[in-house]
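Trainee: Build me a model:
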Amino acid sequence: MTSPWTNWAGTHTATPARVAHPASASELGECVRAAAAEGLSVKAVGSGHSFTPTAVTEGVRVELDRMASLVRVDGNLVTVQAGMKLSALNAVLAANGLAMPNLGDIDAQTISGALSTGTHGTGAAYGCLSTFIEALTVVVADGTELTCSAGENPELFAAARVNIGALGVLSSVTLRCVPAFTLRADERPAALADVWSGLDEHIGTNDHFEFYWFPYTDRVQMKRNTVVPTADQPLPGWRRWLDDDFLSNTVFGAACRLGRAIPSSVPAVSRISARALSARTYTAASHEVFCTPRRVRFVEMEYGLPRENVREAFDGLRRIVDGLPYKIQFPVEVRFTAADDIWLSHGYGRANAYIAIHQYVGARYEEYFRQFEAITTPLGGRPHWGKMNFRTAESLAAAYPRFTDFTAMRDKLDPNRVFANVYTERVLGA
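Mentor: The predicted model follows:
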């Protein structure tokens, strides 16, 4: 009997008929063909950082741990196998004097999982990570490997860069990277009103801007990252440990456990947290600034919205938090990205603002998430594909202009739904 699989947040578990560990695209193709012949579904799993059941299968679970190597470096184009983790990619790029133009704040995901769900960072000039793809190869339902780029199979390229695992299994990706660069990170507490009044300036004058709002307060933590020529202000090791390990993980984890046990303590803890944070400014390699350790487990929902609607959505969120019958222990994250042309990208055709809401694992969350989704949907909200949502194909078709083009591509490449599961059936249709 195969071992069960559970995602990072512990929200989804599945026991497949068997587990495959292909070491090449040809082995992956054989695996897919064999599964299809037996009428079994196929799902690739990465590090399990999706909060949705996107990797759940009772058929064949494909683990890409043996397909996680560097293929080649050609100038600023870097080709890697799709099972490589972002943390390993960052190390490979740094060793070659390169970097990703932008990153999210977690680097534990595999490249295939991060790209397929539309993972993004923040920065008005940058789309999601999939916009950095120069070319990719995907193994489809008949076991063949297809290559696509802007010049080769361009419609497949527009669909496959964010594909929710519904078109096949990514086998390799060529990324358009940039020379390694240094970021100056400026992180400091601020009043929420000041952030809103200066939002356009914050977004426009910083390469990467985001903020975290502490529920039950009028306080935020701003993060402003700007490219600089030299790393002349490194963060002392003790300060990095204190902030990123001890306070953000050990102490915060203890506060979450306290809040789960004694809910009435949550507003006071949030107010103390908002006031206790101190400012810090430092310089470091880009990936060291973008990515931070996250050991406190949580569940998450994130919605991308037209940037002009972010304030209305945020104000609605505050009213939801105040009216819930339970308390919210995690800060709310707000980020900003550029428009892109990827069919299922949350940023297709528009500059986005993202609002991400979280709750400590094991605490109540569903009413919070459902109410937030209800106010963001009519504002043009598009759910992050790797984070919790309750949407169906009917409502999502209205949110994505190229939705039917994507489902038509799916019909073409996987007519027998080898790569389907409960999640794809809900969000894409049967």
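Trainee: for this protein, which residue is closest to the average position?
Mentor: Thr119 (3.3 Å; CA atoms, centre = their mean).
Trainee: So that one is in contact with Gln109, correct?
Mentor: Yes - between Thr119 and Gln109 there is a contact at 6.6 Å, judged by CB atoms under 8 Å. The C-beta positions use only the backbone N, C-alpha and C, and glycine is treated the same way.
Trainee: okay, now the nearest residue to Gly113 once chain neighbours are set aside: neighbour count?
Mentor: Once flanking residues are discounted, Gly113 sits nearest to Gly46: 3.5 Å by CB to CB, 6 or more residues apart in numbering. Using other CB atoms under 10 Å, Gly46 has 28 neighbouring residues.
Trainee: Ok, the one 3 residues further on next?
Mentor: Burial of His49 is recorded as 22 neighbouring residues (other CB under 10 Å).
Trainee: what helix or strand does it sit in?
Mentor: Following DSSP states H and E, there is no helix or strand that holds His49.
Trainee: Check Trp8 too.
Mentor: Using DSSP H and E, no helix or strand contains Trp8.
Trainee: Now Gln221: which helix or strand?
Mentor: With DSSP H and E as the test, Gln221 turns up in strand 219-228.
Trainee: what's near enough to touch the residue nearest to Gly113?
Mentor: Ala55, Leu64, Gly83, Lys85, Gln109, Thr110, Ser112, Gly113, Ala114 (CB atoms under 8 Å, 6 or more residues apart in numbering).
Trainee: Over to Glu302?
Mentor: Glu333, Tyr354, Ile355, Ala356, Ile357, Pro383, His384, Lys387.
Trainee: just Ile133 next, same as before
Mentor: Leu115, Phe157, Arg161, Val173, Thr174, Leu175, Arg176.
Trainee: quick one: pLDDT of it?
Mentor: Ile133 carries a pLDDT value of 98.
Trainee: Residues in a beta bridge with it, which ones?
Mentor: Ile133 has these beta-bridge partners by DSSP bridges: Leu175.
Trainee: can you tell me which two in the contacts of Gly46 are farthest apart?
Mentor: Distance extremes for the contacts of Gly46: the farthest pair is Ala55 and Lys85 at 15.2 Å, using CB to CB.
Trainee: Would you mind telling me which of the two has the busier surroundings?
Mentor: Between Ala55 and Lys85, counting by other CB under 10 Å, Ala55 is the more crowded of the two (23 against 19).
Trainee: Which residue comes closest to that one once chain neighbours are left out?
Mentor: Among residues not flanking Ala55 along the chain, Val45 sits closest, at 4.3 Å (CB to CB, 6+ apart).
Trainee: cool, and Phe369?
Mentor: Phe369 sits nearest to Met301 (CB to CB, 6+ apart), 4.6 Å away.
Trainee: Please apply the same query to Val296.
Mentor: Nearest residue to Val296, sequence neighbours excluded (CB to CB, 6+ apart): Gly253, at 4.4 Å.
Trainee: Please parse the protein into its domains.
Mentor: Using automatic domain parsing, the domains assigned to the chain come out as 65-179, 182-383.
Trainee: and among the ones you listed, the most buried is which?
Mentor: domain 65-179 (a mean of 21; mean count of other CB atoms under 10 Å).
Trainee: Distance from that one to the middle of the chain?
Mentor: Averaging C-alpha positions (CA atoms, centre = their mean, to the nearest Å) puts domain 65-179 13 Å from its chain's average.
Trainee: ditto for stretch 263-277
Mentor: Centroid separation between stretch 263-277 and its chain, computed with CA atoms, centre = their mean, is 27 Å.
Trainee: Could you do stretch 257-272 as well?
Mentor: 27 Å.
Trainee: Extract the CA atoms of that stretch and return them as CSV.
Mentor: Taking Å, rounded to 0.1, in the frame of the first residue of the first chain, the C-alpha atoms of stretch 257-272 are listed here in CSV:
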residue,chain,number,x,y,z
ARG,A,257,-1.3,29.0,20.1
LEU,A,258,-2.3,31.4,22.9
GLY,A,259,-4.9,33.0,20.7
ARG,A,260,-6.4,29.6,19.7
ALA,A,261,-6.7,28.6,23.3
ILE,A,262,-7.9,32.0,24.6
PRO,A,263,-9.5,33.9,21.7
SER,A,264,-10.2,37.0,23.8
SER,A,265,-6.4,37.6,24.0
VAL,A,266,-6.1,38.0,20.2
PRO,A,267,-6.9,41.8,19.8
ALA,A,268,-4.5,42.7,22.6
VAL,A,269,-1.7,40.5,21.1
SER,A,270,-2.3,42.1,17.7
ARG,A,271,-2.0,45.6,19.1
ILE,A,272,1.2,44.7,21.0
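Trainee: what angle do the helix or strand harbouring Tyr282 and strand 219-228 make?
Mentor: Element membership for Tyr282, per DSSP H and E: strand 280-285. Relative orientation of strand 280-285 versus strand 219-228 (axes from the mean of the first three to the mean of the last three CA atoms, to 10 degrees): 40 degrees.
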